[in-house]
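Enquirer: Below: sequence and its predicted model.
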Amino acid sequence: GDSVTQMEGPVTLSEEAFLTINCTYTATGYPSLFWYVQYPGEGLQLLLKATKADDKGSNKGFEATYRKETTSFHLEKGSVQVSDSAVYFCALNRETSGSRLTFGEGTQLTVNP
Amino acid sequence: NAGVMQNPRHLVRRRGQEARLRCSPMKGHSHVYWYRQLPEEGLKFMVYLQKENIIDESGMPKERFSAEFPKEGPSILRIQQVVRGDSAAYFCASSPGQGKNQPQHFGDGTRLSIL
């Protein structure tokens, strides 16, 4: 079945540091890939997405590139801020999976001033 | 535009009681999804509904859980005879259409606590 694996957390960085959160997936066909962010006590917000191989999704300084050959969708940001502290979820959606999202376990990011 | 609205935000029930969770999708969205998030875990799909139809309930426990999305009104996730293991955050999401490219928009969730 479909699965998404994220790097284990928690991740703690200093402000302005470079961020990478690894995400790899297992799925047949050509899924769409997403990154969601969850702030404490809130629901998930879509951060970015990519729908086909080599697509790059970007938003608010975050980027991720859909790599079919390595089945990866790593999240990066060049300079993190304290306000980026949250839990980040990688997810996939296959057409034939009934539109359900399959999520990774989430990575807690804490950015210290 | 109002986002996905879930209520209540917090719900406390004793073992054996019923829990009803409500979700109003974004305006113009006719596809609703329910997910459960156990402590320290990711979200797990439960059920996918369109107006008056259950499309995919493969992630929902066979007993005690049911979901509906009537022609009028919000979608309801119902848990009968709750047990401690039902304690979790339940999230609803909606989308305007079906398909893998459709982003799902999430509500703030209902945090269910079972005493």
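Expert: Structure received.

Enquirer: show me what contacts the residue sitting nearest the centre point of chain B?
Expert: The centre of chain B sits closest to residue B:34, judged by Cα atoms, centre = their mean, with a distance of 3.5 Å. Residue B:34 sits next to B:23, B:45-47, B:49, B:60, B:67, B:75, B:77, B:90-93 when contact means Cβ atoms under 8 Å, 6 or more residues apart in numbering or on different chains. All C-beta spots, glycine's among them, are computed from the backbone N, C-alpha and C.

Enquirer: I'd like the distance between it and residue B:114.
Expert: Distance of residue B:34 to residue B:114, computed by Cβ to Cβ, to the nearest Å: 18 Å.

Enquirer: Show the end-to-end separation of stretch B:66-84, please.
Expert: Length of stretch B:66-84, first residue to last, Cα to Cα, to the nearest Å: 18 Å.

Enquirer: Where does the prediction get shaky in chain A?
Expert: Scanning chain A for pLDDT under 70 picks out the ranges A:95-98.

Enquirer: what do you get if the cut-off is 80, keeping everything else the same?
Expert: A:8, A:95-99 (pLDDT under 80).

Enquirer: Would you mind naming what in it lies close to chain B?
Expert: Applying Cβ under 8 Å from any Cβ of the partner chain, we find that chain A lies next to chain B at A:31-32, A:34, A:36, A:41-46, A:49, A:51, A:89, A:93-95, A:97-106.

Enquirer: Try it again at 6 Å.
Expert: A:32, A:42-44, A:46, A:51, A:93-95, A:98-100, A:103-106 (Cβ under 6 Å from any Cβ of the partner chain).
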